[in-house]
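J.: can't give you the sequence, but here's the structure:
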C-alpha cells in the first residue's frame with residue numbers, strides 16, 4: 001500500500017479537526033501543502049486506523065508525540081529577538097526587583113511558552129543571572145512549557161550545536177557553555193534554574209501566577225477560536241501588573257481593554273491591568289526618517305499567497321503567512337506593511353504602528369506604509385499629521401491612488417473643493433488606464449471601475 005492511498009477527503013478533514021481540536025494548531029492553514037504527506041507518512045497509509053488510535057489516546061502517548069514532533073519543529077536560538085532581552089533588563093526587571101527587595105520577597109516567576117528545545121528559557125535564565133548579583137538569595141521559578149516531549153527531553157540535556165548560537169558572541173559561549181567536540185554543554189548552574197513541563201496553552205496544567213510570560217511566535221500557529229482561549233489563559237496566568245511578551249509579528253486580538261499596551265524599542269509589550277491603554281497615535285511621527293537607501297531592503301519572496309488571502313478576506317491565514325515570512329526575513333517592508341494593515345483593521349494600533357515604522361525604516365520610499373499611518377491618524381482626528389504622511393507617500397509615488405483619494409477627502413472635508421476636484425481629476429485619469437475589475441490596491445476592496453464611478457458622480461455634481 002502506498003502512502004496516501006487511504007487519504008480520502010473525509011478522512012483528511014476528520015484528521016485536521018481532531019488535531020486542531022486537541023492542540024489548537026491551525027493545521028489546515030499552516031500546513032496546506034504538507035499535511036497530507038505528513039499524515040500519510042505517520043499513518044503508514046492507513047489513516048482511519050491511525051485516527052482511531054489518536055482519538056482514544058492522550059496527547060502524551062507515543063502516537064500523539066510523533067505527530068506533534070512533526071508539526072511543531074520550531075526555529076529557535078539563544079537570545080532570539082534581542083530587543084526583548086533588552087526590555088527585560090531595562091524596563092521590566094528593574095521596578096519589579098526593586099519592589100520585591102523593598103518587601104523582602106525574593107521571588108520571581110517567569111514562564112516560557114512553546115519553549116521547544118530550551119534556548120529561550122535558558123536565555124532568560126542567563127539574563128536573570130546577569131541582572132541579579134545576589135541571585136542565590138532568590139527563588140527563581142522559571143518554567144519552560146511545550147507540547148513536544150522530544151523537544152523537552154533535548155532541552156533538559158542542554159547540549160547544543162553551533163547553529164543555536166548564531167546571534168551571540170564568543171564571550172557568551174565561553175562564559176556559559178563547555179565545548180564538547182562539535183557541541184556545547186550549558187553550565188549546570190544555569191540548567192538547574194529552569195524546570196521543563198509538558199503542557200498546551202489552550203489547556204494548561206496547574207501553574208503558579210507569573211510575573212513575566214514569554215509567548216513568542218506561538219499564537220501565530222493557533223486557529224482563531226483557540227487564539228482567544230490562549231489569550232484568556234495567558235491573562236489568568238499573570239499576576240496583576242505582570243508582563244506578556246509576544247513575537248514581533250503577533251498582536252493580542254480579544255479583550256484588549258484589559259491590557260496596558262506599550263511599545264518601547266518598537267516592540268509591543270502587554271501589562272495585565274484593568275486600565276484602558278491611551279497611547280496617542282501622534283507617536284507615529286516620532287520615528288527618525290532615514291534618507292532613501294540608508295538601509296538595505298531584504299527580498300520578500302513570493303507574496304502571491306498573502307495577497308490572495310487578503311483579497312479573499314482570510315485575514316487569519318494572511319497573518320500566519322506574514323508572521324512566518326517575517327521570522328525568516330525580518331527586514332521585509334511590504335510584509336510589515338501588510339501585517340500592519342491586518343492589525344489596524346483590528347484596532348491593534350500600537351502593534352500596527354510598530355510594523356509601519358519598521359517598513360519605513362527598511363524602505364523609506366514605501367508609500368503604502370505612509371498611507372496606512374495617515375489613515376490611522378485620520379481616525380484619531382489628527383488631520384494635519386495625516387496630511388504630512390500622505391505628502392510623504394506621494395513624494396515617493398506621485399500616483400499612489402489610495403493616498404490621492406484620501407487627500408481629496410481631506411480637502412473636501414475642509415471645504416477646499418477646487419483642490420479636491422483637481423485631485424479627483426488626476427485619480428480619474430489614472431484609473432481609466434486600469435481594467436475596471438482590477439482592485440486599486442491590496443489594501444482596498446475598491447476596484448478601478450468603482451473608483452471611476454464614484455469620481456464621476458463627485459466631479460459632475
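T.: Noted; the coordinates are in hand. It should be emphasised that the depicted structure is a prediction, and the values quoted were computed from it without experimental measurement. Numbering: from 1, shown residues only.

J.: buried set for the helix or strand hosting residue 189?
T.: Applying DSSP states H and E as the criterion places residue 189 in helix 188-191. Across helix 188-191, burial judged by 16 or more other Cβ atoms under 10 Å covers 190, 191. Using the backbone N, CA and C atoms, a C-beta is placed for each residue, glycine as well.

J.: Remind me what it packs against, helices and strands.
T.: Judged by 3 or more Cβ pairs under 8 Å, 6 or more residues apart in numbering; DSSP states H and E, helix 188-191 is in contact with helix 119-131.

J.: Contacts for the very next helix or strand once past the helix holding residue 189, please.
T.: Next along the chain after helix 188-191, taking DSSP H and E as the criterion, comes strand 194-198. Applying Cβ atoms under 8 Å, 6 or more residues apart in numbering, the contact partners of strand 194-198 are 60, 115, 118, 121-122, 125, 141-147, 149, 152, 155-156, 205.

J.: returning to that earlier point: per-residue confidence averaged over the helix holding residue 189?
T.: Mean pLDDT, helix 188-191: 96.

J.: quick check, distance from it to the centre of its chain.
T.: 30 Å (Cα atoms, centre = their mean, to the nearest Å).

J.: before we move on, what about stretch 123-131?
T.: The answer for stretch 123-131 is 24 Å, by Cα atoms, centre = their mean.

J.: residues making contact with it?
T.: Contact partners of stretch 123-131, identified using Cβ under 8 Å, 6+ apart, comprise 78-80, 85, 88-89, 93, 97, 108, 110, 112, 135, 140, 142, 172, 176, 189-190, 193-194, 214.

J.: Just the buried ones from those, in PyMOL syntax?
T.: This is the PyMOL syntax for the buried subset of these, where burial follows 16+ other Cβ under 10 Å:
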select buried, resi 78+79+80+85+88+93+97+108+110+112+135+140+142+176+190+193+194+214
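
J.: which residue ranges form the helices in the stretch 201-350 of the chain?
T.: In the stretch 201-350 of the chain, the helices defined using DSSP state H, counting those that start in this stretch lie at 224-237, 304-311, 315-328, 333-345, 349-362.

J.: which strands and helices sit next to the shortest one?
T.: Applying 3+ Cβ pairs under 8 Å, 6+ apart, we find helix 304-311 packed against helix 315-328, helix 333-345.

J.: Looking at those helices, which one is packed in the most?
T.: Across the helices and strands packed on helix 304-311, averaging neighbours per residue (mean count of other Cβ atoms under 10 Å) puts helix 333-345 on top, at a mean of 25.

J.: Using JSON lines, please lay out the helices of the stretch 201-350 of the chain together with distance to residue 37 and mean pLDDT.
T.: What follows is the helices of the stretch 201-350 of the chain, written out as JSON lines (distance: least, Cβ to Cβ, whole Å; pLDDT from 0 to 100):
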{"stretch": "helix 224-237", "distance to residue 37": "24", "mean pLDDT": "94"}
{"stretch": "helix 304-311", "distance to residue 37": "18", "mean pLDDT": "87"}
{"stretch": "helix 315-328", "distance to residue 37": "18", "mean pLDDT": "89"}
{"stretch": "helix 333-345", "distance to residue 37": "26", "mean pLDDT": "94"}
{"stretch": "helix 349-362", "distance to residue 37": "33", "mean pLDDT": "94"}
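
J.: With distance to residue 375 added, can I get these in a markdown table?
T.: Below are the helices of the stretch 201-350 of the chain laid out as a markdown table (distance: least, Cβ to Cβ, whole Å):
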| stretch | distance to residue 375 |
| --- | --- |
| helix 224-237 | 24 |
| helix 304-311 | 16 |
| helix 315-328 | 16 |
| helix 333-345 | 7 |
| helix 349-362 | 10 |
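
J.: so which of the ones you listed gets nearest residue 51?
T.: For residue 51, the closest of the helices of the stretch 201-350 of the chain is helix 224-237, at 20.1 Å, according to Cβ to Cβ.

J.: between the closest one and helix 315-328, how many degrees?
T.: Interaxial angle, helix 224-237 versus helix 315-328 (axes from the mean of the first three to the mean of the last three Cα atoms, to 10 degrees): 70 degrees.

J.: chain center to helix 224-237, what's the gap?
T.: Offset of helix 224-237 from its chain centre (Cα atoms, centre = their mean): 15 Å.

J.: what's it in contact with?
T.: 20, 24, 26, 111, 113, 201-202, 204, 207, 209-210, 213, 215, 218-219, 222, 244, 252-255, 258-259, 272, 316.

J.: What helix or strand is residue 184 located in?
T.: Counting by DSSP H and E, the element that carries residue 184 is strand 183-186.

J.: still on that earlier bit, out of the contacts of helix 224-237, list just those in strands.
T.: Applying DSSP state E to those, the entries found in strands are 111, 113, 210, 213, 215, 244, 259, 272.

J.: who's in contact with the first one?
T.: Residues counted as contacts of residue 111 (Cβ under 8 Å, 6+ apart) are 143, 145, 207, 210, 212, 213, 214, 215, 237.

J.: of all these, which comes closest to residue 337?
T.: Distance ranking of those against residue 337, using Cβ to Cβ, places residue 215 first at 24.7 Å.

J.: The closest one against residue 113, yeah?
T.: Yes - at 4.1 Å, residue 215 and residue 113 qualify as touching, with contact defined as Cβ atoms under 8 Å.

J.: Would you mind grabbing the residues shared as contacts by those two?
T.: Common contact partners of residue 215 and residue 113 (Cβ under 8 Å, 6+ apart): 201, 234.

J.: Just want to know which of the two has more residues nearby.
T.: Taking other Cβ atoms under 10 Å, residue 215 and residue 113 do not tie; residue 113 has more neighbours (28 against 23).

J.: can I assume that one is in contact with residue 212?
T.: No - taking Cβ under 8 Å as the definition, residue 113 is not a contact partner of residue 212, at 11.4 Å.

J.: Could you tell me which residues within stretch 398-413 count as buried?
T.: 400, 401, 402, 403, 404, 405, 406, 407, 408, 410, 411, 412.

J.: before we move on, what about stretch 21-39?
T.: Within stretch 21-39, the residues that count as buried by 16+ other Cβ under 10 Å are 22-31, 35-36, 39.

J.: contact partners of the helix holding residue 189?
T.: With Cβ under 8 Å, 6+ apart as the test, helix 188-191 has contacts from 122, 125, 126, 129, 158, 176.

J.: Just give me how far the lowest-mean-pLDDT helix or strand in the chain sits from the chain centre.
T.: Within the chain, judged by mean pLDDT, DSSP states H and E, the helix or strand with the poorest mean is helix 27-30; its value is a mean of 73. Relative to the chain's own centre, helix 27-30 is displaced by 16 Å; criterion: Cα atoms, centre = their mean.
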